[in-house]
Structures are given as C-alpha cells and as structure tokens.
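Colleague: Just to be clear, the model below is a prediction. Sequence and coordinates:
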Number of protein chains: 2
Amino acid sequence: MTLPKFSQIKQHICQQIEVGAWPQHSKVPSENELAGQFSVSRMTARRALQELTEQGLLVRSQGAGTFVATFKSQSSLLEIKNIAEEISERGHQHSSVLHQLKTINVDAEMAILLNVKQDTQVFYSEILHFENDQAIQLEQRFVNSVLVPEYNQQDFSVITPHEYLSMVAPLTEATHEVEAILASAELAIQFGIKAPTACLQVKRRTWSSQGVVSFAILTSPGDKYRLGSHLVF
Amino acid sequence: MTLPKFSQIKQHICQQIEVGAWPQHSKVPSENELAGQFSVSRMTARRALQELTEQGLLVRSQGAGTFVATFKSQSSLLEIKNIAEEISERGHQHSSVLHQLKTINVDAEMAILLNVKQDTQVFYSEILHFENDQAIQLEQRFVNSVLVPEYNQQDFSVITPHEYLSMVAPLTEATHEVEAILASAELAIQFGIKAPTACLQVKRRTWSSQGVVSFAILTSPGDKYRLGSHLVF
DNA sequence: CACGCAAGCTTGTATATACAAGTTAAATAA
DNA sequence: TTATTTAACTTGTATATACAAGCTTGCGTG
C-alpha cells in the first residue's frame, strides 16, 4: 500500500522547503512542470499544490505562479514532541501508569478516523503520565492494528507510545484539534483535582506513509498544562 | 461576478446545515446526487464536499457516504486570521459588541509584555464577537499606544481590531499560549452558558517591525470553539 | 531606449471518463 | 426465516481535455 501520487508530490514539496532548497518566497515548479517530473496528469499535480496552499505552506497567483509562503512556524505543536522528553527538558521526572491495553472493535466513527473497516479490531491504550508524581496527562490512544500489528506487545513502562510509533511508523502527517472540556468526576480523581475544573484536550490524528497510524486523545488539567507556539512571518 | 459553481454548492450545504435541514451526523446527498441537483459534473460536486470536509463541517467514508460533522467553530493554530473573515467563510454572520475602549496605565507585568515603560498609558479594548447571534469569543486586547497612536479612535463596529492593526502595523511575529480555564460567573453570563463550564483561552502577543503591537486574550466557550492544525512532514 | 502589443506561460474552473475500494441493499439459496 | 451472494451505490484516485483569466516575457516600433 503506497501513498497516492498527489500525496507523494506533497511530501516532495514539503521536503524541498524543509531542506532549504526552496526558501521563502521562491518560485515552486508549475503544475505542468511537476506533472512532467512526476509523470502524472496536471490535475494530480494541481491537487498537491492546492492542498499545500490551503494548509498555508504555499501561495498562488494566477498567471504568476506558485511560491513558498512567507509564514514559518516554530511552534511546539509542530514538532509533536514526546511527553517524556518534554518533562525531562524541564528537569523533571517522567513516569507513567498503564491503565488499559487491549484490542477493541471500532464503531463507525472511529473506523473513519483510523481509516479501517467497521468492526475491525484495533488497539486501545490508556496511560496516565506523571511529572514529578503529579498526574499531568491522560493519554487515550486508538492504534491501527493493520499498520502496527505489535503495538499491544510493547512495554509502555520503558517506552512511550509516541516513541514506539515513531520508530515503527514514522510520522508524515498529523492533524490537531485543541479544545477545552470540563473534567468528569472520574478524570478529576485521576488528576487529583477538585471538580469542577477545566481541562485542555488535544485530539491528534497521525499518518505514516502507509496510512492513518493512530488517533490520540490527550487530556490535561487546565492549570497544569498549556500549549505554546511561536510564529514568524 | 458570480461565484464559481463549487462555491455555490458549498454555500447551499452550509445553509442546509445552518437552517437545521441537515442535523449533526445526518447523511448529506452523494456526489452524484448533488451533481444532478446542480447540473454540474461529479468532480465539481466532489470539490465542494471535499473542501467542507477539510474545513471540518463534514466527514466522509468511502462506500458509506458523507455526513454532517459534530459542529464546532474552528480556528487555525498556524495562522492568525481575522475572526470576522473566518466566520464569513463558514457562511455565517459575524457581529460584535464593544464593551470597553479606553486608555489605561499598565502595571509592571503588562509593561513587560508590551515592551513599554511602567506606568505608560496604553489602549485597552474589550469586544464580544458573535457568530450568528451566538457569542463565541471575548476579545480583550492591550495595545501599544506608541506604535498605534490612533487605535482608540477607531470604530470597531465596522472593522475588527485585528484588521485595523494589520493595516497600520503589519504582523511579523506572534506567540500563542493556549490553555483551558473555568468560566467565571460573569463570563458565563456573557456567553449565555451555564456554569460551571470550560473555556479555551488563547493569549496572543504580536509584533510588527517596530516592536510589540498588542497583547490579546481571546476566550471562547469550550463547547463552541476549538483550534486546529494540519501538518505535513 | 522606452513603450505597447502579442505570444507564451501559469493558475482557475469545469467536464467527461475510468478504475479501485468499500458499504449497503436486494436477491437468491439453504 | 436466515444466511450468503450479488448488485447497486458511494467515495477515492487518476487522466485527458477545454476554456477563462491573469502575469510575464519577448519582439517590434517610435
């Protein structure tokens, strides 16, 4: 199972930008040039350019061409760091408790999110992360068992799910949704906080070259965690 | 100047959702059905559905069909957009109410954030933004009066602070901090929601070439608003 | 040398078509 | 009546083609 052609072109373009071959404001090959280089139809090349434009990496002007956008971000979100590493960087101690690691049948919604067939069995893990004995994040993760067949055999006291997945299915794409929720009574107990309290919840969907790898729900108490980013234009 | 056909279909779909004809999770007509209804090619209908899916309003599943997504306003973490524009793009109506627009003395902390001398007078504005008569964001903004001396003379019923600041002091840099907070009683009343409830709060500091322009606190009810991003590596 | 126009190139919208892959409904067989 | 198979429908990827609109470059003329 290889990536669709338009996705391969998207990755090529992102890599050219990343390695500095195409700096800010520089001209990107035209639809017809890319079509020639990749032996695809112009419409396929166009789709790649259009999606990257929609995502903000490129800007396009009719008649003039396609250019690398001025925007450049160094957000911590963009790096999708390993939580153990983040805590360690703060000079603190990371630990975690595995609550659940099992195989489940996915409902329709989750099947769509993981791009698997309905009623497929996938892995579900639930881990509570600590920073210096203070619970700071509940990680609930649904993992595509087709792409990562040995996920449920890992020892998550020595390696985080993020670390393992990065090794066996390196990230190529991700989406995030950040929301504020009210902690349930159960959640409040797990975090050792009083209700009512607000929590920051990040829903993260990750892809590797073979497809959707996992869908994670990362929930943290509002007073213990925040996300930062730094944008340069 | 008429809208392209695919944009007209997008608007039709947004309106159907807005008026309640298509509730959350309900099935949307297929590509071929829309192509028939609008006398367009399937590819044109497809483009409308695909863009709305990327925007988070729809979810699609091969073989099953296209469905209305769980509704939430969504803004980007990777770009700084004008809220009026974002709401407009969703086919919704933006409006706002100005609560405060005044000159204040800054304390030590705010002076540091705005990079001005202590006890300097800066502008403070407080605006409640609505999407289709639903309050979705309280914007509190401290503005550097040295760099933007005429901020407090603007009419913020016709232009948003973001628009104005972008004109007179174009953005070069920004930082975000995203956190979850519990709504105060006052805040709950402004949003028309019951306490206790969680809110998503973004603290944003923006720079232009001359220095720090403003420090904004953007607060939204958790069940009405989320932040998103889509990354390719 | 400067200006205007034409040609070439590029993006933007749209259509028709084809095949792949998955889901759902209908028909058939046990 | 239930289970299985087949057909119909739906989304997903890809190609070829056409025309519109805008930008850039090159050429010709003053």
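Modeller: Cool, the structure landed.
Colleague: Which residues of chain A lie near DNA strand D?
Modeller: With C-beta under 7 Å from any atom of the strand as the criterion, chain A comes near DNA strand D at residues A:4-7, A:39-44, A:61-64. Yep, even glycine has a C-beta here, placed from its N, CA and C like the rest.
Colleague: swap the cut-off to 6 Å and go again
Modeller: For chain A, the residues in contact with DNA strand D (C-beta under 6 Å from any atom of the strand) are A:4-6, A:40-44, A:61-64.
Colleague: how does chain A divide into domains?
Modeller: Per the record, chain A has its domains at A:5-70, A:76-232, by automatic domain parsing.
Colleague: Could you look over those domains and pick the most buried one?
Modeller: When the domains of chain A are scored by mean count of other C-beta atoms under 10 Å in any protein chain shown, the highest mean neighbour count falls to domain A:76-232 (a mean of 17).
Colleague: Give me the distance between it and the centre of its chain.
Modeller: Taking the mean of its C-alpha atoms, domain A:76-232 sits 10 Å from the chain's own mean (C-alpha atoms, centre = their mean, to the nearest Å).
Colleague: Under a three-state scheme, what state does the residue of chain A found nearest DNA strand D occupy?
Modeller: Taking C-beta to the nearest atom of the strand, DNA strand D has its nearest neighbour within chain A at A:Gly63, 2.2 Å off. Three-state assignment for A:Gly63 (DSSP: H, G, I helix; E, B strand; the rest coil): coil.
Colleague: Report the separation between it and chain B.
Modeller: Per C-beta to the nearest C-beta, to the nearest Å, A:Gly63 is found 18 Å from chain B.
Colleague: again, but for A:Ile104
Modeller: Spatial separation of A:Ile104 from chain B under the definition C-beta to the nearest C-beta is 19 Å.
Colleague: in what helix or strand does that residue lie?
Modeller: When elements are assigned from DSSP states H and E, A:Ile104 belongs to strand A:94-105.
Colleague: Just give the strands next to that strand in its sheet, each with its orientation.
Modeller: According to DSSP bridges, strand A:94-105 forms sheet pairs with strand A:121-131 (antiparallel).
Colleague: and the next helix or strand after the partner strand, anywhere near chain B?
Modeller: Following strand A:121-131 in sequence order, the next helix or strand is strand A:134-143 (DSSP H and E). No: for strand A:134-143, no contact with chain B is found by C-beta under 8 Å from any C-beta of the partner chain; the gap never falls below 12.6 Å.
Colleague: Partner strands of strand A:134-143 and their direction?
Modeller: Paired strands of strand A:134-143, defined by DSSP bridges, are strand A:121-131 (antiparallel), strand A:211-221 (antiparallel).
Colleague: Can you name the next helix or strand after that strand?
Modeller: In the C-terminal direction from strand A:134-143 (assignment by DSSP H and E), the next one is helix A:161-168.
Colleague: helices or strands next to that following helix in the packing?
Modeller: Secondary structure elements in contact with helix A:161-168, counted by 3 or more C-beta pairs under 8 Å, 6 or more residues apart in numbering or on different chains; DSSP states H and E, are strand A:134-143, strand A:211-221.
Colleague: Which pLDDT value goes with the spatially most central residue of chain A?
Modeller: The structure's chain A has its C-alpha centroid closest to A:Ala174; by C-alpha atoms, centre = their mean the separation is 3.3 Å. On pLDDT, A:Ala174 comes in at 81.
Colleague: Going by secondary structure, it is in what exactly?
Modeller: Taking DSSP H and E as the criterion, A:Ala174 maps to strand A:173-182.
Colleague: Name the strands paired with that strand and say parallel or antiparallel.
Modeller: Strand A:173-182 has its sheet partners listed here by DSSP bridges as strand A:198-208 (antiparallel), strand B:225-232 (antiparallel).
Colleague: is whichever helix or strand comes after it up against chain B anywhere?
Modeller: Reading on from strand A:173-182 to the C-terminus, the next helix or strand found by DSSP H and E is helix A:185-191. No: against chain B, helix A:185-191 shows no contacts by C-beta under 8 Å from any C-beta, the least distance being 11.6 Å.
Colleague: Who are the contact partners of the residue of chain A found nearest DNA strand C?
Modeller: Of all residues in chain A, the one sitting closest to DNA strand C is A:Ser30 (3.2 Å; C-beta to the nearest atom of the strand). Contacts were defined as C-beta atoms under 8 Å, 6 or more residues apart in numbering or on different chains; by that measure A:Ser30 touches A:65-66.
Colleague: Looking at the residue of chain A most remote from its centre now. What's its pLDDT?
Modeller: No residue in chain A has its C-alpha farther from the mean C-alpha position than A:Gly63, which lies at 34.9 Å (C-alpha atoms, centre = their mean). pLDDT recorded at A:Gly63 is 86.
Colleague: Quick check: phi and psi at it.
Modeller: Backbone torsions of A:Gly63, given as degrees, to the nearest 10, read phi 90, psi -30.
Colleague: how close does it get to A:Ser30?
Modeller: From A:Gly63 across to A:Ser30, the span is 11 Å (C-beta to C-beta, to the nearest Å).
Colleague: got it, and A:Ser214?
Modeller: Look at A:Ser214 and A:Ser30: by C-beta to C-beta, they are 36 Å apart.
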